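Chemist: Give the three-dimensional model of this entry:
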Amino acid sequence: MQHHPTRTAPAHGFVRPRSLAMVGALAMLTSCATKGPVAPVVDDTTLFVGKVITLDDQGTIAEAVTVDRYGRILKVGAEKDLSAGLGAGARRVELKPGQVLLPGFIDPHLHVQPTLLQSLLGTHNLAPCLPPPYNQSAPAECAQHKDLLSALSSMKVAPATPETATQFVLGMNLDPSRQQFIPGKCDVKSAEEFMQQPKLYLDACVSKERPVLILDQSGHLAYVNEKAFEIACQGKKPCIPPESVTKNGGRWVLGKDGQHTGLIEESAGYAPFLAATQQGLLMNAAIPSGSLQELNKAIQALREAGLTTIADGGLSSRSQLEMVKLLAENPAFPLRVTGVVTHLAAGAVVNKDGAVATPALKPTGPACTPSPTNDCALPKWLGAGAIKLWVDGSTQGCTALLGQPYAYSADGHCPNAKEGQGDFKSAKALADAMRPLWASSDWRFQLHANGNEANQWAVDAFSQLQLEQPNPHRMLLIHNTVGQESVSQAIGELRKGTHVADQKTVPKMDVRVTHLIGHVAYWGDALAQMLEKNGAHKDIDIDPVDFDRRNGIPFSFHSDSMVTPARPLWFVEQAVTRRTWAYPDFQKTYVLGPQHATTVEEALRAVTIEPARQHEIDSWVGSIEPGKVADFVVLGANPLDYDPSKGGNPATISQIPVIRTYLGGKDPASRN
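Modeler: This is a model prediction of the structure:
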């Protein structure tokens, strides 16, 4: 049971959704309108009293915060000072002993629509269970998803009928890097591994009569059966991928016999199958009321994790952008949202004759700011001001772009991957793709880069463009998973204005990184087995926080949800402990890269003020300071007390209860 702060006055209260009606339906589920006369008040200020961890640059710990009627922070300081002068009608929200008030948590990179989708799939969510500290699944489910073929067999698929023979069976979160392949199941006699012939096992374990599409948990791979190819190609022979697949970095993998294996790489690769589902993964059909309840649970789970702001990190169409914007603007939605648009979605559409059919998008920001001179309602949609490109794929999915001293091991999960692959042919090609939207200097750019070579390409592309046209915005490297100190040094030099490219000094550039810290906790041991550094399985630098620290690179942590759960306190614990577990039984656990461990304060900043700065919304959120919005989280204990330097046990940070969140000084769950 949750214990709430004591209040002396009442509180005031992927994959695109199938229709715009979903937004209204969610409102019905999550809000309750009240009518009646409102009693006049003399003073509409709210006073929050208790231990306040501001996470400002001075590390201020305060006793109280005052918030005005518009949800703006007025003052931060001592309780007696802030209480003085408050008039009749002022509300007082008092924390219970041991509780602390922090700025609301921010997830700087997730995917809203896939996060909501997985709540609908039920038995078709095939993810392996998480290590013991984070596992929330029943033992039977964990046993069922322990190996690949059992997970596939767990899908409940009705026999094909004339009406359903062309309807896709959809699944997600399968993960061959952590789920064992045990041959002989599903009556398959072949000795081929799953990754060599996924379609064989989808036919045998799921369905041969209906098309099957399963997304890998990395989001960079998909698995389809033979019937799916037939539907996607509309029966045409040979079945070849459309130009959009290869042009945008996708691939339909072929076997030695020249036939499709059923392994599909990158979102561009599986886009034609998504389109062929005709269900559009929550695009057009009506959503049953039970499914709406599941969607609502998924949304509320984000709030209950302490999140108050999220960044949707890869809106791949203008319609997706509009849908997420409408969702955020819904009065019942309990989070602030900022969007990141892919370069293809944001770019101009040009006809064959060279005429511009659709102009390029322009970056947007919040419709109103928390300035003291404004009396407007502060919006939850914070705009879309960043452009996203993928430099490479997934480390655990065998498609990260690696360079010396790293390579995929011949005896690991990715035996044939070698140096992996990029989504572009070179750093120059990456810069060419960015250049049309870079020229105005209006956009921020965020580059997905897992492998060390991919990060080097990102540095090279940024350098080339910055030499051509300096961009004053903050740039972001997403994941920065496989660390190399020379690459981090180059990022630090870009930040200082001392980096040299093409024998020229690159103008100072604000480049930052955000790490998927779950790569350590959930995939750390798998990565240690599949990667080689200087020819050995040791000393790999995953999520290299120490390189960031030593080179003056601000960093944050994110979930990449649906890839990992959006639970910021889990991020903090994982960053401080650096513990990883070996699948499938979790009997082996150890610390991966102890030199990259953070302090608790560093990790808290990495889920509050640092992501706010990365998205240039730090004048709004990220710390508790006058002039910002009153987005708060109340925790049942002070995470700073768990720091090892204070004798605390950081391995239990994830168990700290999230008591309540406030958006603009109000509890989104309140019915008042």
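
Chemist: Using CSV, write out the CA atom coordinates for the helix or strand containing residue 467.
Modeler: Element membership for residue 467 (DSSP states H and E) is helix 452-468. Output in CSV follows, covering the C-alpha atoms of helix 452-468 (Å, rounded to 0.1, in the frame of the first residue of the first chain):
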residue,chain,number,x,y,z
ASN,A,452,32.3,2.4,-30.9
GLU,A,453,32.8,2.9,-34.6
ALA,A,454,29.3,4.2,-35.0
ASN,A,455,30.1,6.8,-32.3
GLN,A,456,33.2,7.7,-34.2
TRP,A,457,31.2,8.2,-37.3
ALA,A,458,28.8,10.4,-35.4
VAL,A,459,31.7,12.5,-34.2
ASP,A,460,33.1,12.8,-37.7
ALA,A,461,29.7,13.8,-39.2
PHE,A,462,29.1,16.3,-36.5
SER,A,463,32.5,17.8,-37.0
GLN,A,464,32.0,18.1,-40.8
LEU,A,465,28.7,19.8,-40.5
GLN,A,466,29.8,22.1,-37.6
LEU,A,467,32.7,23.3,-39.8
GLU,A,468,30.3,24.1,-42.6
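
Chemist: for the nearest residue to residue 98 once chain neighbours are set aside, helix, strand, or coil?
Modeler: Leaving aside its sequence neighbours, residue 98 sits nearest to residue 637 (CB to CB, 6 or more residues apart in numbering; 5.9 Å). Bear in mind the C-beta positions are built from the backbone N, C-alpha and C, glycine included. Three-state assignment for residue 637 (DSSP: H, G, I helix; E, B strand; the rest coil): coil.

Chemist: again with residue 340
Modeler: Of the three states, residue 340 takes strand under three-state DSSP.

Chemist: what's the burial count for it?
Modeler: Residue 340 has 25 neighbouring residues, counting by other CB atoms under 10 Å.

Chemist: right, and it touches residue 384 too?
Modeler: Yes - using CB atoms under 8 Å, residue 340 is in contact with residue 384, at 6.7 Å.

Chemist: which neighbours do the two share?
Modeler: Common neighbours of residue 340 and residue 384, counting by CB atoms under 8 Å, 6 or more residues apart in numbering, are residue 315.

Chemist: ok so, going back, between the helix or strand that the helix holding residue 467 is followed by and helix 452-468, what angle do the directions make?
Modeler: Sequence order places strand 474-479 as the next helix or strand after helix 452-468, per DSSP H and E. Here the directions of strand 474-479 and helix 452-468 differ by 170 degrees (axes from the mean of the first three to the mean of the last three CA atoms, to 10 degrees).

Chemist: which residues touch strand 474-479?
Modeler: Contacts to strand 474-479, defined as CB under 8 Å, 6+ apart, come from residues 108-109, 313, 386, 388, 395, 444-450, 455, 458, 462, 491, 509-516, 519, 558, 560, 613-614, 616.

Chemist: how about a cut-off of 6 Å?
Modeler: Residues from elsewhere that reach strand 474-479 (CB atoms under 6 Å, 6 or more residues apart in numbering): 109, 444-450, 458, 510-514, 516, 614, 616.

Chemist: Can you tell me which of those residues are classed as buried?
Modeler: By neighbour count, with 16 or more other CB atoms under 10 Å, the contacts of strand 474-479 hold 109, 444-450, 458, 510-514, 516, 614, 616 as buried.

Chemist: Mind checking which of these are in strands?
Modeler: 109, 444-449, 510-514 (DSSP state E).

Chemist: Please, where are all the strands along the stretch 501-650 of the chain?
Modeler: Here the stretch 501-650 of the chain has its strands, by DSSP state E, counting those that start in this stretch, at 504-505, 510-515, 531-533, 555-557, 579-581, 589-591, 632-635.

Chemist: Now render those strands as JSON lines, adding mean pLDDT and distance to residue 663.
Modeler: Formatted as JSON lines, the strands of the stretch 501-650 of the chain follow (pLDDT from 0 to 100; distance: least, CB to CB, whole Å):
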{"stretch": "strand 504-505", "mean pLDDT": "98", "distance to residue 663": "44"}
{"stretch": "strand 510-515", "mean pLDDT": "98", "distance to residue 663": "23"}
{"stretch": "strand 531-533", "mean pLDDT": "97", "distance to residue 663": "41"}
{"stretch": "strand 555-557", "mean pLDDT": "98", "distance to residue 663": "20"}
{"stretch": "strand 579-581", "mean pLDDT": "98", "distance to residue 663": "33"}
{"stretch": "strand 589-591", "mean pLDDT": "98", "distance to residue 663": "37"}
{"stretch": "strand 632-635", "mean pLDDT": "98", "distance to residue 663": "9"}
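
Chemist: which of those strands is buried the deepest?
Modeler: Greatest average neighbour count among the strands of the stretch 501-650 of the chain goes to strand 555-557 (a mean of 27), per mean count of other CB atoms under 10 Å.

Chemist: now for it, which elements pack on it?
Modeler: Contact partners of strand 555-557 among helices and strands, from 3 or more CB pairs under 6 Å, 6 or more residues apart in numbering; DSSP states H and E: strand 510-515, helix 609-614.

Chemist: Direction included, what does it pair against?
Modeler: strand 510-515 (parallel) (DSSP bridges).

Chemist: contacting residues around the partner strand?
Modeler: Strand 510-515 is contacted by residues 108-109, 474-478, 480, 491, 494-495, 543, 553-558, 614 when judged by CB under 6 Å, 6+ apart.

Chemist: coming back round to it: and the helices and strands packed on strand 555-557: which comes nearest residue 83?
Modeler: The closest of these to residue 83 is helix 609-614. By CB to CB, the value is 27.0 Å.

Chemist: I appreciate the help and will end here.
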